[in-house]
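Chemist: model the following, please.
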Amino acid sequence: MDYKKIFDKFEDHNMFIKTAKKPVMDGAQKAALNRKGNVLYNSGDVEGAKRIFLTTGYSDGLSRIGDAYKAQNRYLDALRMYQIAPNQKKFESMVMQLSVIIKNLIHEEGDPSNG
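Modeler: Okay, here's the model as predicted:
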């Protein structure tokens, strides 16, 4: 199977391919990429910054991506970023908020006055 042909189909979709191996980079390369990610994030390119922060494993950057998603009401995406970061405090807080929402939805579904 020619994987290059398969992946070339998605070239124009602004996607990246997840691999099990992280790229090998020294501290200077990682710092340079993180600076570029910060510039992208500060200019509003959250998705571009996310790609860099995922590559470098920059936990503070990933937490900020989670914050941006949360501000956009993209709660599951935010939860994922907090988990990857890992930012246990924000992750647990988000889980609690989502559980309250789910609990309220279940309660509304069971309330006969809502139907």
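
Chemist: tell me which stretches of this protein form helices.
Modeler: Applying DSSP state H to the chain gives helices spanning 3-8, 27-42, 46-56, 59-71, 75-84, 88-110.

Chemist: so what's the residue nearest the centre of the chain scoring on pLDDT?
Modeler: Nearest to the geometric centre of the chain sits Met81, at 3.8 Å (CA atoms, centre = their mean). On pLDDT, Met81 comes in at 96.

Chemist: so where is this structure shaky, pLDDT-wise?
Modeler: 1-22, 111-115 (pLDDT under 70).

Chemist: please redo it, this time with the cut-off set to 80
Modeler: Applying pLDDT under 80 to the chain flags the ranges 1-23, 109-115.

Chemist: for Met25, what are phi and psi?
Modeler: In terms of degrees, to the nearest 10, the main-chain angles of Met25 are phi -150, psi 150.

Chemist: distance of it relative to Asp60?
Modeler: With distances taken as CB to CB, to the nearest Å, Met25 is found 18 Å from Asp60. Bear in mind the C-beta positions are built from the backbone N, C-alpha and C, glycine included.

Chemist: also Ser43?
Modeler: Taken as CB to CB, the span from Ser43 to Asp60 is 18 Å.

Chemist: cool, Tyr41 as well?
Modeler: On the measure of CB to CB, Tyr41 and Asp60 end up 11 Å apart.

Chemist: now do Asn34
Modeler: 9 Å.

Chemist: more neighbours: these two, which one.
Modeler: Asn34 (19 against 12; other CB atoms under 10 Å).

Chemist: which residues touch stretch 62-73?
Modeler: Stretch 62-73 is contacted from outside by 41, 46, 49-50, 53-54, 75, 77-82, 84-85, 87, 90, 94, using CB atoms under 8 Å, 6 or more residues apart in numbering.

Chemist: please repeat the previous calculation with a cut-off of 10 Å.
Modeler: Stretch 62-73 has contacts (CB atoms under 10 Å, 6 or more residues apart in numbering) with 37-38, 41-42, 44, 46-47, 49-51, 53-54, 56, 58, 74-87, 89-91, 93-94, 97.

Chemist: alright, I will stop here.
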